[in-house]
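Asks: when you get a sec, could you give me coordinates for this:
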Amino acid sequence: MVEDCARGERRGWQEFVRDFASVARSLLVHYFPTLGPEMDRHVTAVFHRAGAQHGSWFSGLKFSNEREFMMAFRDLVFAYGREQEREPAAPISLDQARTAMKDLPLLEREMLWLFIKGYDAPRIAAIMMDAGATADAVKRIADEHLALSGSALMESAEQAKTDQCCSLKTFNNIVNGQITWREREAAEQHMADCFYCIDRFTTFQEMVRSRKDVSPLREPEVEAILAQLPFVSDRRRGVLSRLFDRTAH
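Replies: Take a look at the predicted model:
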């Protein structure tokens, strides 16, 4: 798909838009609600940005699985949303968040971070796939700690990366349970005091959940977006090519 999109091939773009337009919409609606009145236009604009400059975004991608691709796509959506946002958040220090979370274990820090991001208790439980993320636990943590600006904190956290920060591969292994207890312990010790990794790990979990929950676009909706992307080839695939694709699977 990525190679086809980089070349402007309709086949790749159909798949990309079909599977990821709903993801883009859910992120924009949740994190950039001021864009709501023209949300259809903004969703299309995200894909326009992805294909601009002869597909340079695709050419610069480095990923080893779909989850890592989704993280790159999420960053693309956020870069666009932040540029278009009508009410940018005021800067805020991570020290305020560190003070608010200083006595919390890692699990509760992750829960509070998702709460700061604007999610309610049932959604946090679904994202974290953890029975401990109950409505009562989230409410208690939120009531006991300082309410902070989610968007401002996220931007600050993104700038706090160090050479010791966890990789996406480590996050994927934790989610999949494919990690030794020593590796997990080392990762959790680092994450406990690293807002960059708390933000990225909760985002990773968020995107895994989003991919499961969103529905692909219907073909007319896909075509409506593709019609607004001038770099996408107008060539439709013929009956034989579609037949060969089905028989090849």
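
Asks: tell me how far stretch 94-106 lies from the chain's centre.
Replies: Relative to its chain's centre, stretch 94-106 lies at 24 Å (CA atoms, centre = their mean, to the nearest Å).

Asks: for that stretch, buried residues please.
Replies: 94, 97, 100-101, 104, 106 (16 or more other CB atoms under 10 Å). No exception for glycine: its C-beta is placed from N, CA and C like everyone else's.

Asks: now do the phi/psi pair for residue 105.
Replies: phi -70, psi 170 (degrees, to the nearest 10).

Asks: err, residue 61, not the other one
Replies: phi -70, psi 140.

Asks: which residues touch it?
Replies: Neighbouring residues of residue 61 by CB atoms under 8 Å, 6 or more residues apart in numbering: 2, 69, 72.

Asks: now the helices for the protein?
Replies: Applying DSSP state H to the chain gives helices spanning 2-6, 10-31, 39-59, 66-84, 94-101, 106-116, 121-128, 135-144, 150-158, 168-176, 181-191, 195-213, 219-226, 239-248.

Asks: quick one: contacts for the residue positioned nearest the centre of the chain?
Replies: Centroid-nearest residue in the chain, with CA atoms, centre = their mean: residue 74, separated by 3.7 Å. Going by CB under 8 Å, 6+ apart, residue 74 touches 23, 27, 203, 207.

Asks: just flag the most distant two among those residues.
Replies: Among the contacts of residue 74, the pair separated by the greatest distance (CB to CB) is 23 and 203, at 12.6 Å.

Asks: which one's more surrounded, those two?
Replies: Applying other CB atoms under 10 Å to residue 23 and residue 203 shows that residue 203 carries more neighbours, namely 23 against 20.

Asks: I'd guessed that one sits against residue 70; true?
Replies: No - the pair residue 203 / residue 70 is not scored as a contact, 9.8 Å apart, by CB atoms under 8 Å.

Asks: related to what we said a few turns ago, how about the helices of the chain in JSON lines, adding mean pLDDT?
Replies: Output for the helices of the chain, formatted as JSON lines (pLDDT from 0 to 100):
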{"stretch": "helix 2-6", "mean pLDDT": "91"}
{"stretch": "helix 10-31", "mean pLDDT": "95"}
{"stretch": "helix 39-59", "mean pLDDT": "93"}
{"stretch": "helix 66-84", "mean pLDDT": "94"}
{"stretch": "helix 94-101", "mean pLDDT": "78"}
{"stretch": "helix 106-116", "mean pLDDT": "85"}
{"stretch": "helix 121-128", "mean pLDDT": "84"}
{"stretch": "helix 135-144", "mean pLDDT": "64"}
{"stretch": "helix 150-158", "mean pLDDT": "82"}
{"stretch": "helix 168-176", "mean pLDDT": "94"}
{"stretch": "helix 181-191", "mean pLDDT": "94"}
{"stretch": "helix 195-213", "mean pLDDT": "94"}
{"stretch": "helix 219-226", "mean pLDDT": "95"}
{"stretch": "helix 239-248", "mean pLDDT": "44"}
